[in-house]
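Engineer: pasting the sequence and the predicted coordinates here, then a few questions.
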Amino acid sequence: MSRIGKQPIEIPDSVNVAVDPGRLTVNGPLGELTQNVPARIVIEKEDGQLLVKRPTERGDDRALHGLTRSLVANMVEGVTNGFEKRLEIQGVGYRAALRGTALELNVGYSHSVVIDAPAGITFEVPVQNEIVVKGIDKQQVGEIAAEVRDVRPPEPYKGKGIRYRGEYVRRKVGKRA
């Protein structure tokens, strides 16, 4: 048995789960998420818990078992608490600002870069060198945060650029005169 897949998923009282063949819908205080479920994986709802089961011990079934359980657990977590990714901007004159729901970045280019927030994602800029990406879908939050980081990834010589909070940027020594 998969060690991750066999763990039950607790369903909070504020969350409704609808299990249909091949599809799972999770409703919560922050929104609704749906996910396609592989045909061989079975999801059962009992006693305020979700159980993810697999039919055989084949390698691909075992892989899908753990994956599906993790995706479902992230859906439940997302509709109850949401997810956020924090980014830091380092560099002289580098800053971020909100323009409506869009994020405007001034990171050393001759123009400012504007990133529109897709549905389900919100940007926050508590200070001008910090960005918070929030949403209920963990994958979408990570993708948008990576998109923001890719505008100006941290460079190894001076460390300027956009990085995740807590990310270690390996520094290099510059050329010597």
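Structural biologist: Everything's here; your move. Numbering: from 1, shown residues only.
Engineer: domain ranges for this protein?
Structural biologist: By the assignment in the TED database, the chain contains the domains 4-81, 83-164.
Engineer: between those domains, which one is closest to residue 170.
Structural biologist: domain 83-164 (6.1 Å; C-beta to C-beta). For the C-beta atoms, the positions are set from N, CA and C on the backbone; glycine is no exception.
Engineer: tell me which of the domains of the chain sits nearest to residue 173.
Structural biologist: domain 83-164 (8.4 Å).
Engineer: what about the closest one, average pLDDT?
Structural biologist: Averaged over domain 83-164, pLDDT sits at 95.
Engineer: now the end-to-end length of that domain.
Structural biologist: Domain 83-164 has an end-to-end distance of 14 Å (C-alpha to C-alpha, to the nearest Å).
Engineer: buried sites along stretch 77-89?
Structural biologist: Buried residues in stretch 77-89, counted by 16 or more other C-beta atoms under 10 Å: 77, 78, 79, 80, 82, 83, 85, 87, 88, 89.
Engineer: export the helix or strand containing residue 69 as CSV, just CAs?
Structural biologist: Here residue 69, judged by DSSP states H and E, is contained in helix 59-80. Extracted in CSV, the C-alpha atoms of helix 59-80 (Å, rounded to 0.1, in the frame of the first residue of the first chain):
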residue,chain,number,x,y,z
GLY,A,59,3.2,0.1,-10.5
ASP,A,60,1.1,2.6,-12.4
ASP,A,61,-1.9,2.0,-10.1
ARG,A,62,0.3,2.6,-7.0
ALA,A,63,1.7,5.8,-8.5
LEU,A,64,-1.8,7.1,-9.3
HIS,A,65,-3.0,6.2,-5.8
GLY,A,66,-0.6,8.5,-4.0
LEU,A,67,-0.9,11.2,-6.6
THR,A,68,-4.7,11.2,-6.4
ARG,A,69,-4.7,11.3,-2.6
SER,A,70,-2.4,14.3,-2.6
LEU,A,71,-4.4,16.2,-5.2
VAL,A,72,-7.6,15.6,-3.2
ALA,A,73,-6.0,16.6,0.1
ASN,A,74,-4.8,19.8,-1.6
MET,A,75,-8.3,20.5,-2.9
VAL,A,76,-9.8,20.2,0.6
GLU,A,77,-7.0,22.4,2.0
GLY,A,78,-7.4,25.0,-0.8
VAL,A,79,-11.2,25.5,-0.3
THR,A,80,-10.8,25.8,3.5
